[in-house]
Structures are given as C-alpha cells and as structure tokens.
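> Sequence first, predicted model second:
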Amino acid sequence: KAGVTQTPRYLIKTRGQQVTLSCSPISGHRSVSWYQQTPGQGLQFLFEYFSETQRNKGNFPGRFSGRQFSNSRSEMNVSTLELGDSALYLCASSSRAGSTDTQYFGPGTRLTVL
Amino acid sequence: GENVEQHPSTLSVQEGDSAVIKCTYSDSASNYFPWYKQELGKGPQLIIDIRSNVGEKKDQRIAVTLNKTAKHFSLHITETQPEDSAVYFCAASDNNNDMRFGAGTRLTVKP
C-alpha cells in the first residue's frame, strides 16, 4: 500500500503571497490531519478533516485553512504569508476520525517564506 | 488542554547500550500514547503506541511503559544500533482533542 504523499516537497514564497499544499492519504483512509513543525514550537496541530468536514481545529489564525475532497485528498492554504510561516508542513492520515486512531505521516512540504 | 513534556532533549549512547526517553502528560483523559521516530528530511514514523488500558507493550528491541497514576510514559530501546539515531517524539491524545507532541529527543548512537 502506498504511503501518504505530499506535494510539493519544497516551496519558496515571499511575504504576502498565498500557498496551497496537497496531501493524498493512504488508500482507504478518510481522515487527514495537518501539522506545522518548526524548531521553536515543535509539532503543532492545524486541523483535521474527515469525510470532507473539518472535525477539529488548532490554535492558528484564519489565514490557515483547508479542505478535503470526496476522494479524501486534502489541501491546506495559507494566505498573506508571513516570515514566521516558514516551516515543515506535515499531513497524517488515519482510517477513522479522531486523534486516537493510528496516524501515518507523509514526508512533509518544506515552506520557506522570504 | 494537554501538555506533554519530554526528557531528555538530547541523548547519546554507545552502540549496544539501552536508551530511555521519558514523557509526562497533564490531561488525565488522555488515553492514546504513540511514539514517533523522525529521520532527517522525512516525516515522523510511528514506531510503537500504547493505550491506557495497557501498562506495557514490546516490539522486538522497543518497549513502551505507561503509568497512568503518575501520568508518565517511557520509551525503551535496547541493543541500540547506529540506525536508531534520529529524533524521537512522544505524543498524547484523547478522542475529543488534538494530539499533543513532546518537544523531541535527539538520540545519537555512537558506533
């Protein structure tokens, strides 16, 4: 079974721009969670989608948004980029909703904001 | 909300020795505790997990113990090998809230 895939792997943007990241979960998984990883703040939860509905949201500003499609693929969008948005963005998929189901992570998208 | 503390932040051991990483959590409702290994340039990989109805779980050289009363859980790696070198994260969650991660432990196994 193929693992979680994320595209693109690397991205460079400038302040004020917006960006869209994509995540394809493991086949059959319906839950996708997004995390931001930085050296200073570690791994922080952004949001979880299950069956095209946002189930849970972390403590991030409204510039961070996401969605999930009927095939369970998910995208996250960050608008009006700030320097502090530079991070590794990880998505994780699981077969059931909720954070107590085993989550499998993708390789991440490394976003650099200049 | 949940707060997870992880110690130590760095750990260096000789090949063949054991390594122990400890985590504490604050929310007594937490009932799922996974451990992840993250190598350079990769996403975290689940190596073992434990649920609150179990006190210990073992998978070959890796074991996790959970003390619900004290709200702490530990990762034990025996007979360490250079390929065990990575950053290890603990996490805790209950189904009503998001998963909270520890700050990570950078493990170095010296050959």
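Yep, it's here. Numbering: from 1, shown residues only, chains lettered A, B, ... in the order given.
> Run through the strands of chain A in chain order.
Along chain A, counting by DSSP state E, strands occupy A:5-7, A:10-13, A:19-24, A:31-38, A:42-50, A:53-57, A:64-68, A:74-78, A:87-94, A:104-105, A:109-113.
> What parts of chain A come near chain B?
A:4, A:33, A:42-45, A:48, A:56, A:58, A:90, A:92, A:98-100, A:102-108 (CB under 8 Å from any CB of the partner chain). C-beta coordinates here come from the backbone N, C-alpha and C atoms, glycine included.
> hmm, which of the residues you listed are the buried ones?
Buried members of the residues of chain A next to chain B, counted by 16 or more other CB atoms under 10 Å in any protein chain shown: A:4, A:33, A:42-45, A:48, A:56, A:90, A:92, A:98-100, A:103-108.
> dump the residue contacts of residue 22.
Just so you know, I chose chain A. By CB atoms under 8 Å, 6 or more residues apart in numbering or on different chains, the contact set of A:S22 is A:6-7, A:73-75.
> please go with chain B instead
By CB under 8 Å, 6+ apart, B:K22 lies in contact with B:6-7, B:72-75.
> circling back to that earlier point, can you lay out the strands of chain A as JSON lines showing mean pLDDT?
Formatted as JSON lines, those follow (pLDDT from 0 to 100):
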{"stretch": "strand A:5-7", "mean pLDDT": "97"}
{"stretch": "strand A:10-13", "mean pLDDT": "97"}
{"stretch": "strand A:19-24", "mean pLDDT": "98"}
{"stretch": "strand A:31-38", "mean pLDDT": "96"}
{"stretch": "strand A:42-50", "mean pLDDT": "93"}
{"stretch": "strand A:53-57", "mean pLDDT": "91"}
{"stretch": "strand A:64-68", "mean pLDDT": "97"}
{"stretch": "strand A:74-78", "mean pLDDT": "98"}
{"stretch": "strand A:87-94", "mean pLDDT": "96"}
{"stretch": "strand A:104-105", "mean pLDDT": "95"}
{"stretch": "strand A:109-113", "mean pLDDT": "98"}
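> So for B:Y32, which of the ones you listed sits nearest?
B:Y32 lies closest, by CB to CB, to one member of the strands of chain A: strand A:87-94, at 11.2 Å.
> Output the contacting helices and strands for the closest one.
With contacts taken as 3 or more CB pairs under 8 Å, 6 or more residues apart in numbering or on different chains; DSSP states H and E, strand A:87-94 sits against strand A:5-7, strand A:19-24, strand A:31-38, strand A:74-78, strand A:104-105, strand A:109-113.
> What strands flank that strand, and is each parallel or antiparallel?
Sheet pairing here is set by DSSP bridges, and for strand A:87-94 it gives strand A:31-38 (antiparallel), strand A:104-105 (antiparallel), strand A:109-113 (antiparallel).
> ok, and which of the ones you listed has the densest surroundings?
Most buried of the strands paired with strand A:87-94, by mean neighbour count (mean count of other CB atoms under 10 Å in any protein chain shown): strand A:31-38, with a mean of 23.
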